[in-house]
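Student: coords below, sequence missing:
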């Protein structure tokens, strides 16, 4: 039995980056031998075990063969006779296909160290094209390592394009796609993720609504969207804000004074459902898409419109969602202005308006005898008057 450190832990150590988690591959062992040593089996599709003390993952060396469509369309073969080189060749990129023994010696049969130095994201073998999820993974790595100058190798981009054109991306489950998309949005350069997907044709397959933003005549809309994502990363925004910013341009058109057709199909809602997005991300994306235009024009809103805007966010019970909305609107403003240090006074203005509405308490009205619908109407009336006073003070 031989045990090797593999994958990201080796890659990041060679790059001089912090190693957050370590994966191991075991050559020359059986499931029974691993269990006899106290390792706990956890793998459903192939033998993966947890170390009895550290809890780190140890996988038996294995090979794989394409047997169907999509990410799950593979059969695996794990046996003591599978070599380390056979295990490594099934991996996606050369920089992820290196191993390290217990003496710190790097085993690099496919040129991973060379590609680290050349700053290339290059596939290990032609088997790369058998797994459509790798299109998203490579784009995510490009988003992670953009600051270091990494780019996707031309031949790898060609294989990614081949996968996009084959229809294999449609076989990915929403859960697997969302996992990669959400991780990519949290990388240092999420805009690079979108750029790479667009370049290989995958954006057109996965998120055609966004891909259309890059086609003339509104091609500048797509470029502005990339800058908005860049600002999200620069300001360390959480996932829900980044997702909302990614989709915001599919919402209300801030340049049009025409009312939105009631029967218009909401593309943000369609994407949320299609990708099975978590509820908090869904809700914020819909709210930002619908109301970011009003936020940008906050100081011009009449008291009635301002109160109505605040009511949509349930500012009394969910103040954190309103704060995320303001953060998303600020990122949109920064990105669309192509300035990193612009002021966004609308955020402070809307916070103050929300404070004015929250200052109205229900108890005094209840003590006056209001209840039911009459209490709701009285609360609204008092809150409106509070906002009117706020606006009068802000204008003076």
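Tutor: Here it is on my side, so go on. It should be emphasised that the depicted structure is a prediction, and the values quoted were computed from it without experimental measurement. Residues are numbered from 1 along each chain as shown.

Student: what number of residues lie near residue 118?
Tutor: 13 (other C-beta atoms under 10 Å). In this view, the C-beta of every residue, glycine as well, is placed from N, C-alpha and C.

Student: cool, and residue 6?
Tutor: 24.

Student: what do you get for residue 152?
Tutor: The tally of other residues near residue 152 (other C-beta under 10 Å) stands at 23.

Student: quick check: closest non-adjacent residue to it.
Tutor: residue 121 (4.8 Å; C-beta to C-beta, 6 or more residues apart in numbering).

Student: pretty sure the one you found is touching residue 155, no?
Tutor: No: contact criterion C-beta atoms under 8 Å: residue 121 and residue 155 do not qualify, at 10.9 Å.

Student: residue 387 against residue 359, yeah?
Tutor: No: between residue 387 and residue 359 there is no contact under C-beta under 8 Å: 9.9 Å.

Student: how close does the closest residue to residue 344 other than its chain neighbours sit to residue 231?
Tutor: The shortest distance from residue 344 to any non-neighbouring residue, by C-beta to C-beta, 6+ apart, is to residue 330 (4.3 Å). With the distance defined as C-beta to C-beta, to the nearest Å, residue 330 ends up 8 Å from residue 231.

Student: ok now the lowest-mean-pLDDT helix or strand in the chain, how far from the chain's centre?
Tutor: Counting by mean pLDDT, DSSP states H and E, the chain has its least confident helix or strand at strand 74-78, which shows a mean of 72. What separates the centre of strand 74-78 from the centre of its chain is 30 Å, taken as C-alpha atoms, centre = their mean, to the nearest Å.

Student: before we move on, what about stretch 27-46?
Tutor: Taking mean C-alpha positions (C-alpha atoms, centre = their mean), stretch 27-46 and its chain are 33 Å apart.

Student: can you give me the buried ones in it?
Tutor: 27, 28, 29, 34, 39, 43 (16 or more other C-beta atoms under 10 Å).

Student: how about CSV for these, with pLDDT and secondary structure added?
Tutor: Formatted as CSV, the buried residues of stretch 27-46 follow (pLDDT from 0 to 100; DSSP: H, G, I helix; E, B strand; the rest coil):
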residue, pLDDT, secondary structure
27, 95, strand
28, 94, coil
29, 93, coil
34, 93, helix
39, 94, coil
43, 70, coil
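
Student: quick one, helices of the stretch 51-200 of the chain?
Tutor: Under the criterion DSSP state H, counting those that start in this stretch, helices of the stretch 51-200 of the chain are mapped to 84-89, 112-118, 133-144, 154-166, 174-185, 190-200.

Student: ok so, going back, so the residue nearest to residue 344 sits right up against residue 343, yeah?
Tutor: No: using C-beta under 8 Å, residue 330 is not in contact with residue 343, being 9.5 Å away.

Student: who's more crowded, the two?
Tutor: residue 330 (24 against 11).

Student: mind checking which helix or strand that one is in?
Tutor: helix 319-337 (DSSP states H and E).

Student: quick one, whichever helix or strand comes after that helix and helix 319-337 angle?
Tutor: Remark: after helix 319-337, the chain's next helix or strand is helix 345-358, criterion DSSP H and E. Relative orientation of helix 345-358 versus helix 319-337 (axes from the mean of the first three to the mean of the last three C-alpha atoms, to 10 degrees): 160 degrees.
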